[in-house]
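Q: Quick check, what structure comes out for this input:
(2 chains)
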Amino acid sequence: MSSPAIKSSWWMPDIPKSAVLRRRMLWAYVFVAAPIIALLVFLAGPILFSGWVSLHRWDMLSPVGDMPWRGLQNYVFLLTRDTVFIKALGNTFLFAIGGVGANTILGLGFALLLNSKIRGRAVWRVLYFMPVITAPLALAVMFSFIFDRNYGVVNNVITALGLPRQPFLSGPNQALMTLIFIAIYQYVGYYIVIFLAGLQGIPQDYYDAAQVDGAGNWQEFRFITLPLLRPVMLFVVVTNTIGALQVFDLVFATTGGAPANSSMTVVLHMYNTAFKFSRMGRASAMAFILFAIIMLITILQVRLLRDRTYQD
Amino acid sequence: MTKDEKSSLQSAGSALKYLVLVGGAFLMVFPFVWMTIASLMTAGEIQMRPPVWLPASPQFSNYSELARSIPIGRLYFNSLFTSGIIVLGVLLSSSLAGFAFAKYRFPGRELLFYLILATMMIPFFVTLIPVFFIVRQLGWIDTYQGLVVPGLTSAYGIFLMRQFMVTVPDELIDAARIDGASEPMIYWRIVIPLVKPALATLGTFTFIGAWNNFLWPLLVLNSRELFTLPLGINSLRSLYADNTNLLMAGTAVAVVPMLLLFVFLQRYFIKGIALTGLKG
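A: Just a heads-up that it's a prediction; the model follows:
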């Protein structure tokens, strides 16, 4: 921070004595007022309200004051008896693990390729990035057709090769796998660009020095590239996991969670619970369980992947 | 190993590199190409056994039929209009609040900044139900303001702008004050021009996010006159359940212009991602 931090703490407001400084301070309040009010109304307030709702039974039609108290029953019900929710949790984990693992490995792999002596780097980047800016819903519609059991192009190729037709999105054992594939397709370009930026930030001197010492390609990768990419890796894994655990559009517009909930995810189940069946309390509890899981996983990942240079 | 062997090994390695890159790029581009090809087939060609790979003659009439059944211009207007307002709102609110946090001292600054940091991590689904409730209480269901107003501020945007504005030298601001500039003038004339690249990046991401957003418009909007492009595509799914060629035409109309825009502006795009991705 270039401006000195306030010496007094926030609970001991320190109001400047000079009129000029006081006027300046008033302007600061004018600047933050609208954004802060909006954040309170649309973010901070709602999260508290959501927590409150999760302890009640509510259909959003009855007055807020009359919500019957349920204590932790919504949470207990979800974790012990809502088989769809438990199934959705498992699916969402698999979806995140598959997607994050593949995106990290493929993202880094292609970034290494693009960082080596290669022609037309900008062109490759653009091609790989196209799905990232496309609406997830549009991709979902495209891939529903591409993986269609009867008329999809993938099955056209498979049957042309004399292999049996696959159900893909309509198969209980293949739906989730297919969704993971689509998610990889959708985001890998983003992670390629991030990894590439990270690779380009590593000073060439390190590699020159390693070559003087006779290090091979693998040793350079293992002892220079990987350790110096740690912050980028952390960013990729954390943001990708947080995003994957919240998947909605893709599932909504392809399988809708079918067949037999084999591709149901938490946010889709939450959406159905809230806006199809008007069980706001249960849906809010679901949101909090997922939120807690996301926070836990994030903390774990940060601990595992953060720079440990100073601790070892 | 002789020199020749070594160089042939190297060229084999580089050929392999290009092979992998071409394979990957093919996988990336093919779905878009296939969508376009299918959008030019007849409904019969799509279901042909054995499958056909190209239409006998491209059915451009699919697009005119599409234009007759959905108001494409209207969908584009709604998407542009609402995304545009959200971008303006986020840029204005983030830069104003970011400026105050970066360059002013005022009681409560730390507390409010912690509030920003805490809300930055809240995923959308946790606040979905209450925000929907608030918007409904305000009578904003099925209106532009219901779609737009909750998105006008962004905790992440405020944080990002603060990080960039901290780097603006204090001397510059003090000099402007000595010359008699008012505080809003300093914001507009000195600070904003200096953080333009950051604003461009934040604006781009906000735009893509708003443009592609599906769940919130799905909840808030009911009438077709207000639908954005993703909602339009979604409504085609049931309308054209048996006309995949028309469904693909609709998807192409929604997707291709944005892709072309991206290809032209890609340099700024990708620079911005490297910038915020690693800062955030």
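
Q: show me the contacts for A:Pro46.
A: Going by CB atoms under 8 Å, 6 or more residues apart in numbering or on different chains, A:Pro46 touches B:126-127, B:129-131, B:134. Where C-beta positions appear, they are placed from N, C-alpha and C, glycine not excepted.

Q: pLDDT weak spots in the chain?
A: Since no chain was named, I'll use chain A. A:1-14, A:307-312 (pLDDT under 70).

Q: To clarify, I was referring to chain B.
A: Applying pLDDT under 70 to chain B flags residues B:1-3, B:6, B:274-280.

Q: quick check: domain ranges of it?
A: As given by automatic domain parsing, the domain ranges for chain B are B:3-62, B:71-239.

Q: Ranking the ones you listed by mean neighbour count, which comes first?
A: domain B:71-239 (a mean of 19; mean count of other CB atoms under 10 Å in any protein chain shown).

Q: Span of it from start to end?
A: Terminal residues of domain B:71-239 are spaced 14 Å apart (CA to CA, to the nearest Å).

Q: How far off centre is it?
A: Domain B:71-239 sits 12 Å away from the centroid of its parent chain (CA atoms, centre = their mean, to the nearest Å).

Q: just stretch B:43-63 next, same as before
A: For stretch B:43-63, the distance to the chain centre is 32 Å (CA atoms, centre = their mean).

Q: any bit of it sitting next to chain A?
A: Yes. Stretch B:43-63 lies within reach of chain A by CB under 8 Å from any CB of the partner chain, at B:46-47, B:50-51.

Q: Contacts for that stretch next, please.
A: In contact with stretch B:43-63 (CB under 8 Å, 6+ apart) are residues A:150-151, A:153, A:156, A:160, B:37-42, B:242-246, B:249, B:253.

Q: Does B:Asp142 touch B:Leu226 like I think?
A: Yes. B:Asp142 is within contact range of B:Leu226, at 6.5 Å (criterion: CB atoms under 8 Å).

Q: Residue numbers of the stretch 151-300 of chain A in contact with chain B?
A: Residues of the stretch 151-300 of chain A lying near chain B (CB under 8 Å from any CB): A:151, A:153, A:156, A:160, A:185, A:189-190, A:193-194, A:196-198, A:201, A:231-232, A:235, A:242, A:246, A:248-249, A:252-253, A:267, A:270-271, A:274-275, A:280, A:283-284, A:287-288, A:290-291, A:294-295.

Q: Narrow those to those that are buried.
A: With neighbours counted using 16 or more other CB atoms under 10 Å in any protein chain shown, these contain these buried positions: A:151, A:153, A:156, A:185, A:189-190, A:193-194, A:196-198, A:232, A:235, A:242, A:246, A:248-249, A:252-253, A:267, A:270-271, A:274-275, A:280, A:283-284, A:287-288, A:290-291, A:294.

Q: Spell out which helix or strand contains B:Met48, please.
A: B:Met48 is part of no helix or strand when elements are defined by DSSP states H and E.

Q: From B:Met41, how far off is it?
A: From B:Met48 over to B:Met41 the distance is 9 Å, taken as CB to CB, to the nearest Å.

Q: wait, what's in contact with B:Ile122?
A: Contacts of B:Ile122 by CB under 8 Å, 6+ apart are A:43, A:47, A:291, B:155.

Q: Tell me which two of the residues you listed sit farthest apart.
A: A:Phe291 and B:Ala155 (15.4 Å; CB to CB).

Q: Among the residues of stretch B:43-63 next to chain A, which pair sits farthest apart?
A: B:Ile46 and B:Pro50 (13.0 Å).

Q: For the residue nearest the centre of chain A, which three-state class applies?
A: Centroid-nearest residue in chain A, with CA atoms, centre = their mean: A:Gly243, separated by 1.1 Å. Assigned state for A:Gly243: helix (three-state reduction, DSSP: H, G, I helix; E, B strand; the rest coil).

Q: where does the residue in the stretch 101-250 of chain A positioned nearest to chain B fall, phi/psi-wise?
A: Relative to chain B, the nearest point of the stretch 101-250 of chain A is A:Ala197 (3.5 Å; CB to the nearest CB). In terms of degrees, to the nearest 10, the main-chain angles of A:Ala197 are phi -60, psi -40.

Q: now do A:Arg279
A: phi -100, psi 80.

Q: I'm done for today, thanks for sticking with me.
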